[in-house]
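Peer 1: Please find the sequence and the predicted model below.
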Amino acid sequence: MSGPKETALPAAWANAVGEKLATRDAGAQRRHLVPVPPGAPGTGGARGAGGMRLFSSNDYLGLAGHPAVREAVAEAAREHGMGPRGAALVCGHTTLHETLAMRLAALEGTEAALLAPTGWAANTALLGALADADVTFVSDALNHASIIDGLRMARRTGAAVRVTPHGDAAAVEAALAERDTPRAVVVTDGVFSMDGDVAPLAALREAADAHGAILVVDEAHGTLVLGETGAGACEAAGVRADVVVGTLSKAVGAMGGFVAGNRTLCDLVLNLGRAQIYSTALPVPVVAGALAALDVAARTPALRERLRAHQARFAEALGRPVPTPIVPWVLGDEDAAMGAAASLRAAGMHVVAIRPPTVPEGTSRLRITLSAVHTDADVEDLLTALGQGSTGDDGGHWSAIPRL
Ligand SMILES: Cc1ncc(COP(=O)(O)O)c(C=O)c1O
């Protein structure tokens, strides 16, 4: 048997790569993969196979491991294999993909929807397709990296980009008023992925309307979680977005992205959105799983209610609103965040520490996420571990976790 292949890099590359990683080492910011056991059957994904309780996943309704989803994925795999054999415009857009796109348009109440390989691809494809030298994009400072990268591409067309302070609708209004381009786009996360707060959507809609701009809302963390029917943060706020970007990788429990809105806009993204055109379409079993997950969510409103009950319990314990299943536990210091995550992991609770550059300096945190598949006992145990349980007593086990 031959050993591993020689992988030495040319000297200039070895030095450059080493130096780039060394800057991460210097700030103790080097990232490493830590394998987590796959979800165990019967736990809906709340636990890994080793019994680790996951408070770090975006599977807010537990649909990734739902029996109906597992069955749909297995059946599609048996029947069709992986597919999709090509990009959507080649041969990758099957009738199953078409059904899913129509279901997503129905969920969002839009004329059309277009599938993309990921949420990342959906944002970059959309923003790139909308951009030209006559457009100003106004973007929240804490928007997701995929919006930031989409705007980097947009800039190359001559489009202007204005970044406004987080959640500041007055600043958005001012940026729109000051712009010197005929067209404008206001783009925002609906739910901010690291802070769990919701954008001031009504005020953003008003600002966009006052200045003839379109409003693009990334519903990655709102889809199936917020709103009466699970359409997202816009539905919950009673606001219409001109374009909704979404992902199937969070509460839908699958993989893939989508753009939902006006049909001609979707056509524009289909024709000009590079990440959509030049990347392979979603695998068929993934599409089947996403469809099954949408079905389960539609017929089981109790899942959303359960999730909201967990949020309410957290809100009660923390004495502050918990409007979404993303609960930031800001500790400031990177070491404190890493130490707290390690203590929780040692006790069988997986909560991820988030550090710069993902969040601003001095705001390192635990990013706690709640799911409908957590039991009340799971939630109580985590609160106890955080020193916020009903007794306020952590039994002395959690002294490594700073109190809020
Ligand atoms: C707000 C937001 N938008 C887009 C994405 C990208 O979605 P995906 O994981 O499907 O590429 C994410 C995922 O992290 C996100 O949090």
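Peer 2: Good, I have the coordinates.
Peer 1: CA atoms for contacts and neighbours, from now on please.
Peer 2: Fine.
Peer 1: Which segments of the chain make up each domain?
Peer 2: With automatic domain parsing serving as the domain definition, the record reports that the chain contains domains spanning 39-65+301-385, 84-282.
Peer 1: Nearest to the ligand, out of the ones you listed?
Peer 2: The closest approach between the ligand and any of those, judged by CA to the nearest ligand atom, belongs to domain 84-282 at 3.4 Å.
Peer 1: Can you classify Val138 as helix, strand or coil?
Peer 2: Assigned state for Val138: strand (three-state reduction, DSSP: H, G, I helix; E, B strand; the rest coil).
Peer 1: Return the residues in contact with it.
Peer 2: Counting by CA atoms under 8 Å, 6 or more residues apart in numbering, Val138 makes contact with Val161, Arg162, Val163, Thr164, Val172, Ala175, Leu176, Ala184, Val185, Val186, Val187.
Peer 1: In CSV, list the domains of the chain along with distance to the ligand.
Peer 2: What follows is these, written out as CSV (distance: least, CA to the nearest ligand atom, whole Å):
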stretch, distance to the ligand
domain 39-65+301-385, 9
domain 84-282, 3
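Peer 1: what pLDDT does Ala49 get?
Peer 2: With respect to pLDDT, Ala49 scores 50.
Peer 1: show me where the stretch 1-150 of the chain has strands.
Peer 2: Secondary structure of the stretch 1-150 of the chain (DSSP state E, counting those that start in this stretch): strands at 53-54, 112-116, 135-140.
Peer 1: Out of the ones you listed, flag the one nearest Val284.
Peer 2: Across the strands of the stretch 1-150 of the chain, Val284 has its closest neighbour in strand 112-116 (12.5 Å, CA to CA).
Peer 1: what separates that closest one from the chain centre, distance-wise?
Peer 2: What separates the centre of strand 112-116 from the centre of its chain is 17 Å, taken as CA atoms, centre = their mean, to the nearest Å.
Peer 1: show me where pLDDT drops low in the chain?
Peer 2: Residue ranges of the chain with pLDDT under 70: 1-4, 39-50, 389-404.
Peer 1: which of the residues in the lengthiest helix in it are buried?
Peer 2: Secondary structure of the chain read by DSSP state H shows that its longest helix is helix 301-318. When burial is assessed from 16 or more other CA atoms under 10 Å, helix 301-318 yields the following buried residues: Leu303, Arg304, Arg306, Leu307, Arg308, His310, Gln311, Ala312, Arg313, Phe314, Ala317.
Peer 1: Check stretch 355-374 too.
Peer 2: Residues 355, 363-374 are the ones in stretch 355-374 that count as buried (16+ other CA under 10 Å).
Peer 1: can you tell me which two in the residues you listed are farthest apart?
Peer 2: Maximum pairwise distance in the buried residues of stretch 355-374, criterion CA to CA, is 28.8 Å, between Thr363 and Val373.
Peer 1: so Val186 sits in a strand?
Peer 2: Yes - looking at Val186 with three-state DSSP, it is inside a strand.
Peer 1: Quickly list what it is bridged to.
Peer 2: Val138, Leu215 (DSSP bridges).
Peer 1: With Ser139 as the reference, measure out to it.
Peer 2: The gap separating Val186 from Ser139 is 6 Å, by CA to CA, to the nearest Å.
Peer 1: Next: Gly256.
Peer 2: Here Gly256 is placed at a distance of 23 Å from Ser139 (CA to CA).
Peer 1: again with Val352
Peer 2: In this view, Val352 and Ser139 are 27 Å apart by CA to CA.
Peer 1: Same question for Asp25.
Peer 2: When CA to CA is applied, the distance between Asp25 and Ser139 equals 31 Å.
Peer 1: what does Leu307 give?
Peer 2: If you measure Leu307 against Ser139 using CA to CA, the figure is 30 Å.
Peer 1: hang on, the earlier thing: output the buried residues of stretch 355-374 as a markdown table; include the columns distance to Pro37.
Peer 2: Formatted as a markdown table, the entries for the buried residues of stretch 355-374 read as follows, by distance: CA to CA, whole Å:
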| residue | distance to Pro37 |
| --- | --- |
| Arg355 | 23 |
| Thr363 | 29 |
| Ser364 | 25 |
| Arg365 | 23 |
| Leu366 | 20 |
| Arg367 | 19 |
| Ile368 | 19 |
| Thr369 | 18 |
| Leu370 | 19 |
| Ser371 | 18 |
| Ala372 | 20 |
| Val373 | 17 |
| His374 | 17 |
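Peer 1: Restricted to strands, list these.
Peer 2: Of the buried residues of stretch 355-374, the ones assigned to strands by DSSP state E are Ser364, Arg365, Leu366, Arg367, Ile368, Thr369.
Peer 1: circling back: neighbour-wise, which of Asp25 and Ser139 wins?
Peer 2: Between Asp25 and Ser139, counted using other CA atoms under 10 Å, Ser139 has the larger neighbour count: 24 against 12.
Peer 1: I figured the more buried one hits Ala160, correct?
Peer 2: No - with contact defined as CA atoms under 8 Å, Ser139 and Ala160 do not form a contacting pair (10.8 Å).
Peer 1: Next, count neighbours for His32.
Peer 2: Applying other CA under 10 Å, we find 6 other residues in the vicinity of His32.
Peer 1: now swap in Gly246 and tell me
Peer 2: 32.
Peer 1: mind listing what it touches?
Peer 2: In this structure, Gly246 makes contact with Gly119, Ala122, Asp218, Glu219, Ala220, Thr223, Gly257, Phe258, Val259, Ala260, judged by CA under 8 Å, 6+ apart.
Peer 1: Which of those residues ranks first by neighbour count?
Peer 2: Ranked by neighbour count (other CA under 10 Å), the contacts of Gly246 have Val259 at the top, with 33 neighbours.
Peer 1: for that one, helix, strand, or coil?
Peer 2: Secondary structure assignment for Val259 (three-state DSSP): strand.
Peer 1: Quick check: closest non-adjacent residue to it.
Peer 2: Here the nearest residue to Val259 in space, its sequence neighbours aside, is Val245; by CA to CA, 6 or more residues apart in numbering that works out to 4.6 Å.
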